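A.B. asks: Pasting a predicted model and its sequence here:
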Amino acid sequence: MSETFSARSAPLVLGIETSCDETGIGIVRGTELLANTVASSMEEHVRFGGVIPEIAARAHLEAFLPTLREALETAGIELHEVDAIAVTSGPGLAGALMVGLSAAKGLALAADKPLYGVNHLVAHVGVGLLDPHENPSGGPVEEPSGHRAGNPGAEPEAGPRGMRRLPENTGALLVSGGHTEILRVGSLTSDVELLGSTIDDAAGEAFDKTARLLGLGYPGGPAIDTAAVAGDPHAFRFPRGLTMPKFEGSAQNPGKHRHNWSFSGLKTAVARAVEQFEASGRPVPVADIAASFQEAVVDVITAKAVRASLEHGITTLMLGGGVAANQRLRELLAQRCAAAGLELRIPPVSLCTDNGAMVAALGAQLVAAGVTPSSLQIPADSSQPVQQISV
Ligand code: KG4
Ligand code: ZN
């Protein structure tokens, strides 16, 4: 990646996202959001209790053109007007990524537009740059910085060619069905570092698996969030993974997993608890288990994210991913960020979950920074590292 391509102010960019079960097409002009159209195949995965890659890929194929047409119509533009096409090249499900990538290449070739294959995780951070807007789908007014705590004075500053850029020392906590990561973002277009991640299940995956154990259905996150309201979060003391001193070490001498998470032991502990109730013929206390499980996840996510931020000079933390909808996560993260003097930014849920607007937002930053476009030969990279912002 080099920064020699002719830079352009407020570029009009179409963004395509197909890394999991959402077909997302977004359109931005610079940092202005013009359209964010999403079709989800979630319903088709419900009976399997999780996303089935083959089904997701086929659903992207079916949803692609209608979603594209709707986005162009909402934005009031035609394809030939865009300055560039951005698409998630990874990480994600290989077959699902390939559908979006093939479509993006076809559009780029047909309309003679530059193509940018971008990193899905970095795109989650890119939404943080979008201007406060009226929901282009006609819904209520939304604020990209939908929730703030800590130091609310730090606005995104003007970057190259008048584009807003992230505040200095930004970090991102991404929590979804596919990822649990904490990033340090020096520059959205050239400097992203992975500080920590899950070593097994993603947090959302743990919610989904636990909900299945409790008979709460799929997707499990919203079901547990709701069930937990009536439960006691201290009824069970479930494990907080990778918090033992041998894993964490100290700030001066960090252990291997100081900033990493693990949720597989937690899932097993919940399974054991459920089994014990069932074996003794007692009713399973679903609300108490849901609340205690949720507390364990949220406690360890927020504690490690805040500590990693403080130890890496982060002063503004952005939350992203589908689990950002979780009420208890928002509440505890806000409390702990405020106590640590960190500014917290939580975009509206429609921009936290997977969508095309985030891909377009990152694409616009890359165009404005003059980054060289991708070749039409780029492959889908299901494990694209976060440092590889565009390919
Ligand atoms: O970002 P997302 O829409 O898709 C990907 O995983 O890429 O996130 C979906 C995940 C699912 O695991 C779902 O259970 C979880 O986000 N989720 C929640 C909540 N709403 C969605 N987890 C906890 N609490 C919620 N309210
Ligand atoms: Zn995602």
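C.D. replies: Great, that's in hand. Ligands and ions are numbered 1, 2, ... in the order given.
A.B. asks: Tell me which other helices or strands the helix or strand hosting residue 212 touches.
C.D. replies: Residue 212 is part of helix 203-213, with elements assigned from DSSP states H and E. Applying 3 or more C-beta pairs under 8 Å, 6 or more residues apart in numbering; DSSP states H and E, we find helix 203-213 packed against helix 220-228, helix 264-279, helix 286-311. Using the backbone N, CA and C atoms, a C-beta is placed for each residue, glycine as well.
A.B. asks: pretty sure residue 225 contacts residue 327?
C.D. replies: Yes: with contact defined as C-beta atoms under 8 Å, residue 225 reaches residue 327; the gap is 6.0 Å.
A.B. asks: These two - which one has more neighbours?
C.D. replies: residue 225 (20 against 13; other C-beta atoms under 10 Å).
A.B. asks: With residue 13 as the reference, measure out to the closest residue in space to the more buried one that isn't next to it in sequence.
C.D. replies: Nearest residue to residue 225, sequence neighbours excluded (C-beta to C-beta, 6 or more residues apart in numbering): residue 326, at 5.4 Å. Distance, residue 326 to residue 13, using C-beta to C-beta, to the nearest Å: 30 Å.
A.B. asks: Next up, the contacts around whatever residue of the stretch 251-391 of the chain ends up closest to ligand 1.
C.D. replies: Nearest residue of the stretch 251-391 of the chain to ligand 1: residue 322, at 2.1 Å (C-beta to the nearest ligand atom). Contacts for residue 322 (C-beta atoms under 8 Å, 6 or more residues apart in numbering) come out as 175, 176, 177, 204, 219, 221, 352, 353, 354.
A.B. asks: got a pLDDT number for the fifth one?
C.D. replies: When you say that, I think you mean residue 219. Per-residue pLDDT puts residue 219 at 90.
A.B. asks: cool, the one 3 residues further on as well?
C.D. replies: What the model reports as pLDDT for residue 222 is 96.
A.B. asks: Pretty sure it sits against residue 325.
C.D. replies: Yes: applying C-beta under 8 Å, one finds residue 222 in contact with residue 325, separated by 7.1 Å.
A.B. asks: Can you tell me the closest non-neighbouring residue to residue 205?
C.D. replies: residue 177 (5.6 Å).
A.B. asks: Show me which residues of the stretch 251-391 of the chain sit near ligand 1.
C.D. replies: Residues of the stretch 251-391 of the chain found near ligand 1, taking C-beta under 6 Å from any ligand atom as the criterion, are 321, 322, 323, 325, 326, 353, 354.
A.B. asks: Using TSV, please lay out the residues you listed together with secondary structure, pLDDT and distance to ligand 2.
C.D. replies: Supplementary listing: these in TSV, determined by DSSP: H, G, I helix; E, B strand; the rest coil; pLDDT from 0 to 100; distance: C-beta to the ion, whole Å:
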residue	secondary structure	pLDDT	distance to ligand 2
321	coil	91	6
322	helix	91	7
323	helix	95	10
325	helix	94	13
326	coil	96	15
353	coil	92	7
354	coil	95	4
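A.B. asks: How about the contacts made by the residue nearest to residue 225?
C.D. replies: Per C-beta under 8 Å, 6+ apart, neighbours of residue 326: 221, 225, 294, 298.
A.B. asks: For the buried ones among the residues you listed, write the corresponding PyMOL selection.
C.D. replies: In PyMOL syntax, the buried subset of the contacts of residue 326 is picked out as below (16 or more other C-beta atoms under 10 Å):
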select buried, resi 221+225+294+298
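A.B. asks: Can you find the helix or strand in the protein with the smallest mean pLDDT?
C.D. replies: The weakest-scoring helix or strand in the chain, judged by mean pLDDT, DSSP states H and E, is strand 141-142 (a mean of 39).
A.B. asks: Just confirm the residue nearest to residue 205 is within a helix.
C.D. replies: No: Residue 177 is assigned coil when assessed by DSSP: H, G, I helix; E, B strand; the rest coil, not a helix.
A.B. asks: Which residue does the stretch 101-250 of the chain have closest to ligand 1?
C.D. replies: residue 221 (2.0 Å).
A.B. asks: from what I can see that residue touches residue 208, true?
C.D. replies: Yes: Residue 221 lies in contact with residue 208 (C-beta under 8 Å); the separation is 6.9 Å.
A.B. asks: Overlap of the contact sets of these two?
C.D. replies: Listed as contacting both residue 221 and residue 208 by C-beta under 8 Å, 6+ apart are residue 177.
A.B. asks: Pull the contacting residues for residue 313.
C.D. replies: Per C-beta under 8 Å, 6+ apart, neighbours of residue 313: residue 169.
A.B. asks: so what's the backbone phi/psi at it?
C.D. replies: phi 70, psi 20 (degrees, to the nearest 10).
A.B. asks: what's the spacing between it and residue 168?
C.D. replies: From residue 313 to residue 168 the distance is 9 Å (C-beta to C-beta).
A.B. asks: List the contacts of the residue nearest the centre of the chain.
C.D. replies: By C-alpha atoms, centre = their mean, the mean C-alpha position of the chain lies nearest to residue 321, the distance being 3.1 Å. Neighbour list for residue 321: 124, 174, 175, 176, 179, 180, 204, 352, 353 [criterion: C-beta under 8 Å, 6+ apart].
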